[in-house]
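K.L.:
I need the structure of the sequence given here:
(one chain, ligands or ions: 2)
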Amino acid sequence: MGRALVGGMLASDVVQADQIKVVEPNAESQAWWAANQPGVALTELASAVPASSAVLIAVKPNVVSKVLDQPNGFWDGKLVVSIAAGVSLETLSAGAGHGRVVRVMPNTPSLVGAGASAYCVGSEVTQPDRQTIDTLLGAVGLAVEVEQSQMDAVTGLSGSGPAYVCLIIEALADGGVASGLPRSLAMKLATQTVLGTAQMIQQTGRHPAELKDAVASPGGTTIAGLNALEQNGVRGGLIAAVNAATARSKELG
Ligand SMILES: NC(=O)C1=CN([C@@H]2O[C@H](COP(=O)(O)OP(=O)(O)OC[C@H]3O[C@@H](n4cnc5c(N)ncnc54)[C@H](O)[C@@H]3O)[C@@H](O)[C@H]2O)C=CC1
Ligand SMILES: O=C(O)[C@@H]1CCC=N1
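P.N.:
Ligands and ions are numbered 1, 2, ... in the order given. Below is the predicted model of the structure:
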């Protein structure tokens, strides 16, 4: 996720590579950064943080406290931003030793500038800090401020959502193959159908139910397909997916 965010921010020109330092202990991942983002410096936490105004923590949730556990005063004056699922503002504040902390839930389409991020802020976050966050996240897609109480549900919906949509696209393509289309054509058509439908909903502002009804001719093909979806519980399955991921985000916290 850190790669997607940095990649999207660099592509949008909102930051330059020489403004970013990456701390990454894993050798394979270091090699990825060197090969794919050669302008970004790889360094250690002890030298990166004192030279920076803001820090983005993009490690697994159970590693956040370990990263924050540094000598007294280490995080003073730094805007500390975490994207870890379930890790609360209170945990971030306790670790950083101050309330200038931000909890973000981004998603992977940030890599192509089409992300959806929601964030909530700690007690000492200033208006300019908010603008910094809006600028950085806004450069890679939609950025909205929410209440912390909404963060687990955001995680279950938009944070995990790209995986659900990938599964749906893959399954649509499988259906095309099952019905006789070559794999590459089926994948192209499935992907463009999901992209185009999302754009149509966004640009027309019309309710998905209305746009769905407009596709379904009486006695036609679409209503036969919709009937199969309802019989197989697709609607309930997606609702259950968001609920399960929301519950897991609560557990991680
Ligand atoms: N993958 C996703 O779509 C999303 C992930 N997130 C959050 O982003 C965080 C990272 O998730 P992923 O990118 O999926 O995991 P990942 O395992 O791909 O990335 C974590 C990275 O942290 C590095 N790391 C481990 N210990 C470290 C340390 N002490 N200092 C610096 N780096 C260290 C690892 O080597 C690895 O490269 C998680 O907290 C997750 O909840 C949030 C939104 C979406
Ligand atoms: O699966 C996860 O835990 C992370 C958080 C949201 C998306 N990926």
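
K.L.:
residue ranges for the strands of this structure, please.
P.N.:
Under the criterion DSSP state E, the chain carries strands at the ranges 21-23, 41-43, 54-57, 79-82, 101-105, 115-121, 141-145.

K.L.:
now check the first one, is it near ligand 1?
P.N.:
Yes. Legend: contact between strand 21-23 and ligand 1 by C-beta under 6 Å from any ligand atom is shown at V23. Using the backbone N, CA and C atoms, a C-beta is placed for each residue, glycine as well.

K.L.:
Which other helices and strands does that strand contact?
P.N.:
With contacts taken as 3 or more C-beta pairs under 8 Å, 6 or more residues apart in numbering; DSSP states H and E, strand 21-23 sits against strand 41-43, helix 45-48.

K.L.:
Any buried residues in the first one, and which?
P.N.:
For strand 41-43, a neighbour-count test (16 or more other C-beta atoms under 10 Å) marks A41 as buried.

K.L.:
Save the helices and strands packed on strand 21-23 as a markdown table, and put in mean pLDDT too.
P.N.:
Formatted as a markdown table, the helices and strands packed on strand 21-23 follow (pLDDT from 0 to 100):
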| stretch | mean pLDDT |
| --- | --- |
| strand 41-43 | 96 |
| helix 45-48 | 95 |
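
K.L.:
give the contact list for the nearest residue to A143 once chain neighbours are set aside.
P.N.:
In this structure, A143 finds its nearest non-sequential neighbour in L137, 3.6 Å apart by C-beta to C-beta, 6 or more residues apart in numbering. Contacts for L137 were tallied using C-beta atoms under 8 Å, 6 or more residues apart in numbering; they are 104, 106, 110, 115, 117, 119, 143.
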